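Student: pasting the sequence and the predicted model now:
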Amino acid sequence: MASQNYRRAILGKALEDLVTRARSGRAPCRIGLMAAGGEHSDTEFLSAAAVAMKEDAALTVVGVGPRPAGLVPAGMDWIETGCEGNELAAGMEKALEDGQIQGAVALHYPFPLGVTTVGRVLTPALGKAMFVACTTGMSAAQRQQALLRNAVLGMAVARAMGLTSPAVGVLNVDAAPQVLRALNRMAERGYDLRLGQSVRGDGGSLLRGNDLLAGAVDVCVTDTLTGNILMKLFSAFTSGGAYETTGWGYGPSVGEGWNRVVSIVSRASGAPVMANALAYTAAAVRGNLPDVVAEELRRARAAGLDDELAAFEKAAGAAPAAQVQAPPAEPTDEEIHGIDVLDLEQAVHCLWKENIYAEAAMGCTGPVVKLAVAHLEKAREILKAAGYI
């Protein structure tokens, strides 16, 4: 009897999914929403979920956090956790691992080195959407390498969102001309790349502020910290910075070998941005974003990506770091902030030398070192003595 009931449940779920797909034209999708820790009331989370599910009948938003006192929108599920950051993160991680959700929208996530996020903004001059690659996390520790990887990862996200030939430009920040030359060489070797053009009179694919306002390209390539600032400016300039009103948030996570779709919103994000972020994340899941990233990296490698990355390392005079054996891995449930992004790897090795297991990561507020809470005080003393904090 139990076996029959189980088969009936499986069949019922399959039929339900078929009906949902037929009605909405989209595959059913469950996206988690970290629904605590923001700077606004719980109403913002609930309103965002209601709007997102109204726009997408095949979407189920799953709240993660303390169940709010207000009325939860019809169709919304909930995973109850405590209100502390580590409790929220643990609840979301478990839901992703167990398959209760296929993607997530979080207010904070310490991505490992090599993983970053691609945001999306609404540009004000012409009302065009533009991807910003990248906005949180860090695709590489060396600046030129990170910018080049950001270009490839940004194109992958744009393709997963349905743009078959996105126009790409590089924001005119430090190392941008070098990265643009590398992209041109890859294009000459057969990389499927369409460089966009500045709206300024002299054109070119190095973007100025005017180009960002006009949405001159589909994908704007920049470093993570600059991208994070741009997201905040575009999202909250009408509110004076206290409330993010427009855009799709800081975007889904991408990186080599990374198979999770975790999107970021700010603690200042309002319901409109969170609703868009939920839709953006669902689209990334349905677009098989991790597979698209893997294929984009394969194409880029076939056109010389690894050679360009190696050339940047050589030009920077980056000598190989002294080999330091990592201690046995431990759960990393604590973070140390305030370390310069260029010192992040060295700081981790500094702790390894003292037999403290640590990992480099990039949180929403900047670089972090992740480690076990039991070693926190000793690690702080070591890093302070070494001049990293």
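Tutor: Ah, there it is.

Student: the residue nearest the centre of the chain pairs with what?
Tutor: Nearest residue to the geometric centre of the chain (CA atoms, centre = their mean): residue 117, 2.4 Å. Per DSSP bridges, the residues bridged to residue 117 are residue 253.

Student: what about residue 300, helix or strand, and which?
Tutor: helix 289-302 (DSSP states H and E).

Student: now the following helix or strand past that helix - C-alpha only, CSV.
Tutor: Remark: after helix 289-302, the chain's next helix or strand is helix 305-315, criterion DSSP H and E. This file holds the C-alpha atoms of helix 305-315, laid out as CSV (Å, rounded to 0.1, in the frame of the first residue of the first chain):
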residue,chain,number,x,y,z
LEU,A,305,41.6,32.1,-23.1
ASP,A,306,44.2,30.2,-21.1
ASP,A,307,47.0,31.7,-23.1
GLU,A,308,45.7,35.2,-22.5
LEU,A,309,45.3,34.5,-18.7
ALA,A,310,48.9,33.2,-18.6
ALA,A,311,50.2,36.2,-20.4
PHE,A,312,48.5,38.5,-17.9
GLU,A,313,50.1,36.7,-15.0
LYS,A,314,53.5,36.8,-16.6
ALA,A,315,53.2,40.5,-17.5
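
Student: what's the neighbour count on the closest residue to residue 278 other than its chain neighbours?
Tutor: In space, residue 278 comes closest to residue 52 once its chain neighbours are excluded; the distance is 4.0 Å by CB to CB, 6 or more residues apart in numbering. Heads up, the C-betas are built off the backbone N, CA and C, glycines and all. For residue 52, the neighbour count with other CB atoms under 10 Å is 27.

Student: for the helix or strand containing residue 52, what is the average pLDDT?
Tutor: Here residue 52, judged by DSSP H and E, is contained in helix 42-55. Taken as a whole, helix 42-55 has a mean pLDDT of 96.

Student: elements contacting whichever helix or strand comes after it?
Tutor: For helix 42-55, the following helix or strand on the C-terminal side (DSSP H and E) is strand 59-65. Counting contacts by 3 or more CB pairs under 8 Å, 6 or more residues apart in numbering; DSSP states H and E, strand 59-65 is packed against strand 29-34, helix 42-55, strand 77-80, helix 85-98, helix 271-286.

Student: these: which one's closest to residue 260?
Tutor: For those, proximity to residue 260 was assessed by CB to CB; helix 85-98 is nearest, at 6.1 Å.

Student: burial of the residue lying closest to residue 160 once chain neighbours are set aside, as a residue count?
Tutor: In this structure, residue 160 finds its nearest non-sequential neighbour in residue 287, 3.7 Å apart by CB to CB, 6+ apart. Per other CB under 10 Å, the neighbour tally for residue 287 reads 18.

Student: next: residue 323.
Tutor: Around residue 323 there are 6 residues (other CB under 10 Å).

Student: likewise residue 40?
Tutor: The number of residues packed near residue 40 is 16, by other CB under 10 Å.

Student: could you chop this protein up by domain?
Tutor: Domain ranges of the chain: 17-106, 112-243+288-315, 334-385, per automatic domain parsing.

Student: can you give the contact residues for the helix holding residue 52?
Tutor: With CB atoms under 8 Å, 6 or more residues apart in numbering as the test, helix 42-55 has contacts from 33, 35-36, 38, 59-61, 63, 68-73, 75-76, 269-275, 277-279, 282.

Student: ok, now with 7 Å
Tutor: 33, 35, 38, 59, 61, 63, 68, 70, 72-73, 75-76, 270-271, 274-275, 278-279 (CB atoms under 7 Å, 6 or more residues apart in numbering).

Student: swap in stretch 87-96?
Tutor: 32, 34, 36-37, 62, 64-65, 79, 81, 101, 104, 106, 260.

Student: if you set the cut-off to 8 Å instead, what comes out?
Tutor: 32, 34, 36-37, 62, 64-65, 79-82, 100-101, 104, 106, 108-109, 260, 262.

Student: can I get stretch 212-225 in PDB, CA atoms only?
Tutor: Taking Å, rounded to 0.1, in the frame of the first residue of the first chain, the C-alpha atoms of stretch 212-225 are listed here in PDB:
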ATOM      1  CA  LEU A 212      26.200  53.100 -19.200                       C
ATOM      2  CA  LEU A 213      23.300  55.600 -18.900                       C
ATOM      3  CA  ALA A 214      22.300  54.900 -22.500                       C
ATOM      4  CA  GLY A 215      22.700  51.100 -22.300                       C
ATOM      5  CA  ALA A 216      25.000  51.100 -25.300                       C
ATOM      6  CA  VAL A 217      25.800  47.400 -24.900                       C
ATOM      7  CA  ASP A 218      24.100  44.300 -23.600                       C
ATOM      8  CA  VAL A 219      27.000  43.400 -21.300                       C
ATOM      9  CA  CYS A 220      29.200  45.900 -19.500                       C
ATOM     10  CA  VAL A 221      32.400  44.300 -18.300                       C
ATOM     11  CA  THR A 222      34.100  45.700 -15.200                       C
ATOM     12  CA  ASP A 223      35.800  44.700 -11.900                       C
ATOM     13  CA  THR A 224      33.600  43.400  -9.100                       C
ATOM     14  CA  LEU A 225      33.900  46.400  -6.700                       C
END
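
Student: just give me the neighbour total for the nearest residue to residue 242 once chain neighbours are set aside.
Tutor: Nearest residue to residue 242 in three dimensions, chain neighbours excluded: residue 268, at 6.5 Å (CB to CB, 6+ apart). With neighbours defined by other CB under 10 Å, the count for residue 268 comes to 19.
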